[in-house]
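Student: pasting the sequence and the predicted model now:
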Amino acid sequence: MDSMRVLAILAVIAIHVAPFTHDAPPARIGLTWNLPTIVNQLARFAVPCFFVLSGFFWAQRTADPDRRWPVTRQMLQRLGFLFLGWSLIYTLPWDSGRLLRDWPASYGDILARNLRWISTHKLLVLLQGAETHLWFLVALAFAASISALWLRWGSWRSLLLLGLVLFALAMLMRPYVKLPFGIPVRFNPRNGPAFALLPFTLGIALAWRAPSPVLFPRQWQRWGIGLFMAGTILSAAELTWLRVSYGRSLAQDAVFSTMLCGLGAACLALGNPAWLAQSRLARLGPLVLGIYAVHPLVIDVLLPQLPRTRGMLLDVLALLLVFVLSWGVSNLLARTRWTRFLVR
């Protein structure tokens, strides 16, 4: 699972670095099935996979109803510290391209601009923090809280149905918004519980109802590969239909089939195949949370200093460099008592 989490965070970094878009002329993501679009959409398994695994281990720890709220409260406290700590860090300016244009005056100007934006977008900041990627922490907190409260009176099946309904509404607000029954909104429905609750509850269902992955590892591996391949093919079909029929971008945060990709990746990881279990990537697993938190900062500092037109090889190197530097910063933070909470 540590290896899969590392692969998933590499996928998240690939979405944010947007490799293969810096040739001359630059390639656009989402207009056609070019290489940047394919990479962008293949990487979308990552966030649902994180949610499924989170739900699975939450369910294992809370199988005893008396432990459900204490475990959830501990989880929420940890997520809250992470969210507040990194929101404060990302309030500071990090974009080296803008900072170096008129240093040091630019630092104060950008900081003042960031503070104004925060003061005028309070609700958005509560849902995604001072940096967009922190939405994951808030969404995970929503998913765990709703699950703990719902399961006091309801069943996991009704919770799964609630997650499915919320996810369907999120799809109608985003990729399917141009359908006759689409729901146009001015916010991203990814923020909050609408996106997170379904994969989190799928993780709960796996923990409580599926055969043990320890006893039936090959079965889990087959499920994982099958679900991932089916999700990939169906996602491509969904996106192509939306593009042809409604002019929607091929690059979406998720469509319905994306959930199958995330579920498949999680099942494969839980099946513990030897090629993943023995991978050197597993050693980096404990720092995945830190890599997730710090990589936008590394992107802001590093990428503006690279050539605007850099070709495929340099794009791949930039992706790997962001990952390595993010791991390095996380490792340094993990070694210090006062900053360890930011990455663990």
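Tutor: Received it, and whenever you're ready, just let me know what you need.
Student: all the strands of the stretch 1-150 of the chain, residue numbers only.
Tutor: Counting by DSSP state E, counting those that start in this stretch, the stretch 1-150 of the chain forms no strands at all.
Student: tell me the SS of Val214?
Tutor: coil (DSSP: H, G, I helix; E, B strand; the rest coil).
Student: give me every residue that touches it.
Tutor: Residues in contact with Val214 (CB atoms under 8 Å, 6 or more residues apart in numbering): none are found. The way it works is simple: take the backbone N, C-alpha and C, and place the C-beta from them, glycine included.
Student: separation between it and Ala63?
Tutor: Between Val214 and Ala63 the distance is 15 Å, computed by CB to CB, to the nearest Å.
Student: again, but for Gln74
Tutor: Computed as CB to CB, the Gln74 to Ala63 distance reads 16 Å.
Student: next: Ser106.
Tutor: 53 Å.
Student: what do you get for Arg174?
Tutor: 34 Å.
Student: neighbour count winner among those two?
Tutor: Arg174 (22 against 10; other CB atoms under 10 Å).
Student: show me what contacts that one?
Tutor: 188-190, 252-254.
Student: swap in Gly231?
Tutor: Here Gly231 is in contact with 45, 257-264 (CB under 8 Å, 6+ apart).
Student: please repeat the previous calculation with a cut-off of 7 Å.
Tutor: Gly231 makes contacts with 257-258, 260-261, 264, as judged by CB atoms under 7 Å, 6 or more residues apart in numbering.
Student: which residue packs closest to it, ignoring adjacent ones?
Tutor: Spatial nearest neighbour of Gly231, excluding adjacent residues (CB to CB, 6 or more residues apart in numbering): Leu260 at 3.0 Å.
Student: what's the first helix or strand after the helix or strand that the one you found is a member of?
Tutor: Using DSSP states H and E, Leu260 maps to helix 258-270. Reading on from helix 258-270 to the C-terminus, the next helix or strand found by DSSP H and E is helix 274-277.
Student: that next one: what's the following helix or strand?
Tutor: Helix 274-277 is succeeded, C-terminally, by helix 288-302 (DSSP H and E).
Student: ok, then the element right after that following helix?
Tutor: From helix 288-302, the next helix or strand downstream (DSSP H and E) is helix 311-334.
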